[in-house]
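J.: Can you look at this prediction? I've put the sequence above it.
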Amino acid sequence: MDAGILIVDDDPNVVEILTESLRSRGYRTESALNGEEALEKYDRFEPDLVLLDVVLPKKDGFQVCDEIRTRDIHRDVPIIMISSSSIRDTVVQGYRSGAQDYVKKPFSLSEIHAKIDTYLSQAHSCKDLREQKIVLEGEVQKGQEDYLRVNRELKKKILDMRSLFGLSQDLNRLRDPDDLVHIFSLTIIGQIGINAVALFYVSNELDEHLSFAGGKGMRFNVLRTVRLSREVGLSKYAIANQDMISLGNKSLTGDARREADFMAEFGFAYCFPLIVKSQLIGIVFVGEKVSDQPYSEHDFDLLKSICNSAATGFENSRLYLELQSTYLSTIKVLVSTIEAKDSYTRGHTERVAEYARMLADEIGLSKRDKEIVSFGAALHDIGKLGVYEDILNKPGDLTENEWVIVRSHPEVGAKIIQNMKFLKAACDLVRHHHERLDGKGYPDGLRGDEISIGARIVAVADSFDAMTSDRPYRKAYSIDTAISKLKFQGEKFDVGIVDRLEKLIRIGKIKK
């Protein structure tokens, strides 16, 4: 690669790491440790891309970005800002200054490499299109009619490239696989004007097969049962050629021919591989154009650009889900530790988490909020790790000092998880699941809407399971009795949530 990259950061260690990494990939690099030096190096080095720290001596990253954009009127040079801050205003200010993307420290070199490759490719395409436009406009005298036609085509190409920039940002932002497939499919159908698209994808890098992940434009009931080998057939042909494949290609033989004929029966005409780090992670199948016109070279180029941008997004999503799975495993270990201390509540945490999840779903919380409720409910009693076992299992009444210890468990629990980044959002639910609407709860005496909806959900789920389970000091209440007691305590519990709980019981989703 002959592209030049300017690295601007006031930390020499960061500069050294990025310099060595990028030079090993064939890039030319220059570096600067402050804002003024960055602008001097920019004028002299004329880079193809800038990696720019936000906090810099003399001139900060936003000022440097503004001045680069003053020099670079065509925005040919992509700017990726780097900062340890993820505050929304900081990110927005970076975009307003003219940056294309934002990376939070500490960053992954693979993420930096992927973004650099994507933005350099897009910048090169945009520059080529602009230069092509200049050439074409110089030929306008050859005929006004030709000029108008070409200009329309050129504007469409530029619009397509802008859409591609937007898609890249969406795919870097989204983590939910269903959302990614939805955006990806709609983009292909809308930009190229085709009748159908289907994605076969590998959810685990160790999987030997590609499975149907979704698509648009037709019914996919049969395709949901189809799996494609990653080693033979179309996969083998795709990884060898790494280009558009016509399903009618006469050079396809054996398994590749059979798979191509099978997909062609569903109306698909072409396929393209999704490749990350030389590994095949998916195959995209597309149908004919709605206009019945053949694909143009521009259509193929745009389709390949969209697919290449999507490959990085899908891989990031897969890694995110693997990380989330690790989080869940950690939670299960913590929960088992809690229940090992309190023999009477074995299974309580798991049931509370399930009730809370169903209540959050019934209420209509967002997917992210439902995740937080599930985490918070699963860990609501984590603070009991700090309570003596003889107190937890005491069959008689607790003394005042014992009650003080027991009532400390929400605060203790919140402190245990507050420094775990992936559980931080659940701190509120762990700390406040014993608050009351009338302000007489603990530990903070919150009242009414001061208590988050998540904490109110966990409070109802926790009390319901406690009432319907045997305890050292009493036998379990019936479901009807428990619901009546919850409703009778409107000063303590959110009656609206209790009503949702009663509905889930009535329709058979919750059983005891």
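T.: Great, that's in hand. Numbers count the residues shown, from 1 in each chain.
J.: all helices of the stretch 101-250 of the chain, in order?
T.: In the stretch 101-250 of the chain, the helices defined using DSSP state H, counting those that start in this stretch lie at 109-138, 144-173, 177-192, 233-241.
J.: again, but for the stretch 251-400 of the chain
T.: Counting by DSSP H, counting those that start in this stretch, the helices of the stretch 251-400 of the chain are 254-264, 297-341, 348-363, 367-378, 389-392, 400-406.
J.: among the helices of the stretch 101-250 of the chain, which gets the worst mean confidence?
T.: Lowest mean pLDDT of the helices of the stretch 101-250 of the chain: helix 144-173, a mean of 52.
J.: picking up where we left off before, to residue 437, which of the helices of the stretch 251-400 of the chain lies closest?
T.: Nearest to residue 437, of all those, is helix 348-363, at 16.4 Å by CB to CB. In short, each C-beta sits where N, CA and C put it, glycine included.
J.: out of everything not next to it in sequence, what's closest to residue 28?
T.: residue 4 (4.3 Å; CB to CB, 6 or more residues apart in numbering).
J.: nearest to residue 33, of the helices of the stretch 251-400 of the chain?
T.: helix 297-341 (30.0 Å).
J.: So what's the model's average confidence on that closest one?
T.: 73.
J.: what kind of secondary structure is the closest residue to residue 491 other than its chain neighbours in?
T.: Nearest residue to residue 491, sequence neighbours excluded (CB to CB, 6+ apart): residue 438, at 4.2 Å. With DSSP: H, G, I helix; E, B strand; the rest coil as the basis, residue 438 sits in coil.
J.: quick one: residue 438 and residue 489, what's the gap?
T.: 10 Å (CB to CB, to the nearest Å).
J.: try residue 236
T.: Residue 236 sits 65 Å away from residue 489, going by CB to CB.
J.: Number of residues surrounding residue 404?
T.: 10 (other CB atoms under 10 Å).
J.: same deal with residue 464?
T.: Neighbours around residue 464, by other CB under 10 Å: 27.
J.: How about residue 206?
T.: For residue 206, the count of nearby residues is 5 (other CB under 10 Å).
J.: Is it correct that residue 81 falls within a helix?
T.: No: going by three-state DSSP, the assignment for residue 81 is strand, not a helix.
J.: and it, bridged to which residues?
T.: Note on residue 81: beta-bridge partners residue 52, residue 102, judged by DSSP bridges.
J.: if I look at it, how far off is residue 12?
T.: Between residue 81 and residue 12 the computed distance is 19 Å (CB to CB).
J.: Compare neighbour counts for these two and give me the winner.
T.: Neighbours were counted for residue 81 and for residue 12 using other CB under 10 Å; residue 81 has more, 27 against 10.
J.: list the contacts for that one?
T.: 52, 53, 54, 61, 65, 94, 99, 101, 102, 103 (CB atoms under 8 Å, 6 or more residues apart in numbering).
J.: From residue 222, how far off is residue 361?
T.: For residue 361, the distance to residue 222 equals 30 Å [CB to CB].
J.: More neighbours: which of those two?
T.: Neighbour totals were compared for residue 361 and residue 222, and residue 361 leads with 16 against 11 (other CB under 10 Å).
J.: Residue 227 and residue 207 touch, don't they?
T.: No: assessed by CB atoms under 8 Å, residue 227 is found out of contact with residue 207, at 9.2 Å.
J.: First residue to last residue on stretch 433-451, what's the distance there?
T.: Counting by CA to CA, to the nearest Å, you get 9 Å between the two ends of stretch 433-451.
J.: My error: substitute stretch 476-493 in the last question.
T.: For stretch 476-493, the first-to-last residue distance is 20 Å (CA to CA).
J.: Would you indicate which residues of stretch 198-207 are buried?
T.: Buried residues in stretch 198-207, counting neighbours by 16 or more other CB atoms under 10 Å, are found at 198, 199, 200, 201, 202.
J.: and that stretch, how far apart are its ends?
T.: 19 Å.
J.: do stretch 421-437 as well
T.: The straight-line separation of the ends of stretch 421-437 (CA to CA) is 29 Å.
J.: got it, and stretch 256-271?
T.: Stretch 256-271 end-to-end distance (CA to CA) = 12 Å.
J.: In contact with the residue nearest to residue 28: list those residues for me.
T.: Per CB under 8 Å, 6+ apart, neighbours of residue 4: 27, 28, 29, 30, 45, 46, 47, 48, 49.
J.: Buried subset of the residues you listed, written for PyMOL?
T.: Paste this into PyMOL to select the buried members of the contacts of residue 4, with burial taken from 16+ other CB under 10 Å:
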select buried, resi 27+29+30+45+47+48+49
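J.: Okay, helices next: where are they in the stretch 401-512 of the chain?
T.: Using DSSP H, counting those that start in this stretch, helices in the stretch 401-512 of the chain cover 409-417, 427-432, 453-467, 479-488, 495-506.
J.: and residue 240, which of those helices is closest to it?
T.: Nearest of these to residue 240, taken as CB to CB: helix 409-417 at 48.8 Å.
J.: Buried residues, the closest one. List them.
T.: 409, 410, 411, 412, 413, 414, 416, 417.
J.: Over to stretch 397-404?
T.: So for stretch 397-404, counting by 16+ other CB under 10 Å, buried means residue 402.
J.: and for stretch 424-444, what are the contacting residues?
T.: Here stretch 424-444 makes contact (CB under 8 Å, 6+ apart) with 372-373, 375-377, 379-380, 382-383, 407-408, 410-411, 413-414, 417-418, 445-448, 450-452, 454-455, 458-459, 462, 490-494.
J.: Could I have the buried ones of the residues you listed as ChimeraX selection syntax?
T.: A single ChimeraX command selects the buried members of those (16+ other CB under 10 Å):
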select :372,373,375,376,377,379,380,382,383,408,410,411,413,414,417,446,451,452,454,455,458,459,462,492,493,494
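J.: Run a quick check on residue 275 versus residue 304, I expect a contact.
T.: No: look at residue 275 against residue 304 with CB under 8 Å: they stay out of range, at 11.0 Å.
J.: Could you report the distance from residue 45 to residue 397?
T.: Distance, residue 45 to residue 397, by CB to CB: 77 Å.
J.: my bad, residue 215
T.: According to CB to CB, residue 215 stands 62 Å off from residue 397.
J.: Check the residue nearest to residue 28 and give its pLDDT.
T.: Note on residue 4: pLDDT of 91.
J.: Any regions of the stretch 351-500 of the chain where pLDDT drops low?
T.: 386-396, 422, 472-473 (pLDDT under 70).
J.: what do you get if the cut-off is 90, keeping everything else the same?
T.: Within the stretch 351-500 of the chain, the set of residues satisfying pLDDT under 90 comprises 351, 353, 366-368, 371, 374-376, 378-409, 412-426, 466, 469-477, 490.
J.: so how many other residues sit close to residue 314?
T.: If we define neighbours as other CB under 10 Å, then residue 314 has 25 of them.
J.: Domain boundaries for the protein, per the record?
T.: 4-148, 174-315, 342-506 (automatic domain parsing).
J.: Would you reformat those as a markdown table and include distance to residue 333?
T.: A markdown table is the format used below for these (distance: least, CB to CB, whole Å):
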| stretch | distance to residue 333 |
| --- | --- |
| domain 4-148 | 26 |
| domain 174-315 | 22 |
| domain 342-506 | 11 |
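J.: Which one of the ones you listed lies nearest to residue 329?
T.: That would be domain 342-506 among the domains of the chain, by CB to CB, at 11.5 Å.
J.: from the chain's centre, how far out does that closest one sit?
T.: 29 Å (CA atoms, centre = their mean, to the nearest Å).
J.: Pull up the per-residue confidence for the closest residue to residue 100 other than its chain neighbours.
T.: Once flanking residues are discounted, residue 100 sits nearest to residue 78: 4.7 Å by CB to CB, 6+ apart. At residue 78, the model reports a pLDDT of 90.
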